[in-house]
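Chemist: give me a 3D structure for the following:
(chains A and B)
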Amino acid sequence: MLFGIHWDASGTAIHFALSILPILLIGLKVTVEATILGFILALLLGLILAMLRSVRFKVVSWPAWFLIEFLRDTPLLVQLFFLFYVLPLYGITLPALLIGILGLGGQYSAYCAEVYRGGIEAIGTGQWEAARALDLDRFTTYKDIILPQAIPRIVPSLGTYLVSMIKDAPLLSAISVLDMVAASTIIGDQTYNYLVPLSMVGILFLLTTLVVSFLVHKLDHKLPKTGIPMK
Amino acid sequence: MNAIDIFTNLLQGLQMTVELTVLSSAIGALLAFVFGVGKTSHIWPVRVISIAYVEIFRGTSLIVQLFWLYYALPLLGISLNPFVAGTAALALNIGAYGSEVVRGALLAVPKGQSEASLALGFNSMQRLIRIMLPQAVPEMMPTFTNLAIQNLKDSAIVSLISLSDLTYYANNLQNLTFQTVRIYTVTLFMYFVLALALSWALGVLERYLRRWKPLVR
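Modeler: Numbers count the residues shown, from 1 in each chain, chains lettered A, B, ... in the order given. Have a look, this model is predicted:
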């Protein structure tokens, strides 16, 4: 029994699969929640990192560069363990799910920062010069000239990272978050049948990533591509 | 324990991490070529199998693939030891990502090249090996480097099936000494240095593969 739902491993594989489906769906909900919140965090933190990195003072931009590289080149799992074990030492005790969201958001903020930077750098210098010539201030230049052109370009990359984050989210089970993978191994431990639950998890993952990829694709098509000079 | 002691202790796990990364990246690259070429094949069953492989392994999570190979496969009568399961999961996963790169690079070779080789009477195998791949491989290298680093990072999850890699030793040491901050900081830096070393080594390989490139055009 898990989440108050019983399973029935006595019948056929399909019967067993159907009886654990509600449990796995609750686990999937945890995965999706962690992904959505983690992604929002990554988008915001990534923006901050990208801005810090583009600052002219090397005292600021170099540490930001190092942090981005470090977050990108070290395993998420170890980052999660680090947060999970280290934060309590400083008196910060958070639920495991929240730590997981911080970890996911942290690693992907580095990816997002690179995407933002690429997107903004892809805008030709002519745009900046024209904005300068029209005497637009820095804020207006960003708001009305640069970002409207950069955003449609970065959506596909961000979408790829969203999908990839869904697939990284089950690592949270290693820091005791009860998600879909954790639920399936618990069921496996108790019924000695790992084949059905783990295969179900695989199928559910496939469906989730397909749906999200499709939505990202749709969003990408919705965004205006015309009327913006592409280089 | 100071950081040096922790480092020397963790070195025991370093070998496993390096072995796994190198072995699974190499097998993954092989899979990438097989299925990447398979996706461009004219024979439809080959294409279907290649597409199915790529979609399944890119669409599901690596941890699910690993657990499936390690826990679920024995129920079908195939028991893998942790090392084989870990290597297989990493290789199959990274191979699927690599296939897309191989396919993309093959399609990016100018069409005239394959037409010319056809006109010169090359058969399709010769065309692939002599004409297409030598031009496509250098273009794949930057993305392959990223994938290899991805693979290095992913290899940390084998600690979850009790393979004694770097992360496994870090967790072990954490349970014994509770020097949490130092242990995980040292571990993270070890992975970071490994990633830099990997990217340097593949950069050397890329320059070697690209050596004839300036001669063209």
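
Chemist: who in chain B is up against chain A?
Modeler: For chain B, the residues in contact with chain A (C-beta under 8 Å from any C-beta of the partner chain) are B:55-56, B:58-65, B:67-68, B:71-72, B:75-76, B:149, B:152-157, B:159-160, B:167, B:170-171, B:174, B:180-181, B:184-185, B:187-188, B:191-192, B:195-196. Where you see a C-beta, it was placed from the backbone N, CA and C, and this is true even at glycine.

Chemist: burial count for residue B:17?
Modeler: 26 (other C-beta atoms under 10 Å in any protein chain shown).

Chemist: by mean pLDDT, which helix or strand of chain A comes out lowest?
Modeler: Least confident element among the helices and strands of chain A, by mean pLDDT, DSSP states H and E: helix A:138-140 (a mean of 84).

Chemist: what's the first helix or strand after that helix?
Modeler: The element immediately downstream of helix A:138-140 (helix or strand, assigned by DSSP states H and E) is helix A:147-168.

Chemist: let's see that following helix as PDB, backbone CA atoms only.
Modeler: The C-alpha coordinates for helix A:147-168 follow below in PDB (Å, rounded to 0.1, in the frame of the first residue of the first chain):
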ATOM      1  CA  LEU A 147      14.100  41.200 -26.000                       C
ATOM      2  CA  PRO A 148      11.200  41.000 -28.600                       C
ATOM      3  CA  GLN A 149      13.800  39.700 -31.100                       C
ATOM      4  CA  ALA A 150      15.700  37.500 -28.600                       C
ATOM      5  CA  ILE A 151      12.800  35.700 -27.000                       C
ATOM      6  CA  PRO A 152      11.500  33.900 -30.100                       C
ATOM      7  CA  ARG A 153      15.000  32.700 -30.800                       C
ATOM      8  CA  ILE A 154      15.600  31.200 -27.300                       C
ATOM      9  CA  VAL A 155      12.200  29.500 -26.900                       C
ATOM     10  CA  PRO A 156      13.300  26.300 -28.700                       C
ATOM     11  CA  SER A 157      16.500  25.900 -26.600                       C
ATOM     12  CA  LEU A 158      14.600  26.600 -23.400                       C
ATOM     13  CA  GLY A 159      12.000  24.000 -24.400                       C
ATOM     14  CA  THR A 160      14.700  21.400 -24.900                       C
ATOM     15  CA  TYR A 161      16.000  22.100 -21.400                       C
ATOM     16  CA  LEU A 162      12.500  21.900 -20.000                       C
ATOM     17  CA  VAL A 163      12.100  18.400 -21.500                       C
ATOM     18  CA  SER A 164      15.500  17.400 -20.300                       C
ATOM     19  CA  MET A 165      14.600  18.700 -16.800                       C
ATOM     20  CA  ILE A 166      11.600  16.400 -16.700                       C
ATOM     21  CA  LYS A 167      14.000  13.500 -17.300                       C
ATOM     22  CA  ASP A 168      16.400  14.700 -14.600                       C
END
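
Chemist: what's that helix packed up against?
Modeler: Secondary-structure packing of helix A:147-168 (3 or more C-beta pairs under 8 Å, 6 or more residues apart in numbering or on different chains; DSSP states H and E): helix A:13-53, helix A:96-121, helix A:195-222.

Chemist: which of those is buried the deepest?
Modeler: The highest mean neighbour count among the helices and strands packed on helix A:147-168, using mean count of other C-beta atoms under 10 Å in any protein chain shown, belongs to helix A:96-121: a mean of 21.

Chemist: check which element follows it along the chain.
Modeler: Counting by DSSP H and E, what follows helix A:96-121 is helix A:125-133.

Chemist: tell me the residues of chain A that contact chain B?
Modeler: So far as C-beta under 8 Å from any C-beta goes, chain A lies against chain B at A:69-70, A:73-79, A:81-82, A:85-86, A:89, A:166-171, A:173-174, A:181, A:184-185, A:188, A:193-195, A:198-199, A:201-202, A:205-206, A:209-210.

Chemist: what's the first helix or strand after the worst-scoring helix or strand of chain B on mean pLDDT?
Modeler: Here the helix or strand of chain B ranked lowest by mean pLDDT, DSSP H and E is helix B:124-126, holding a mean of 84. Where DSSP H and E defines the elements, the next helix or strand beyond helix B:124-126 is helix B:133-154.

Chemist: residues touching the residue at the greatest distance from the centre of chain A, list them.
Modeler: In chain A, the greatest distance from the average C-alpha position (C-alpha atoms, centre = their mean) is reached by residue A:133, at 39.1 Å. The contact partners of residue A:133, by C-beta atoms under 8 Å, 6 or more residues apart in numbering or on different chains, come to none.
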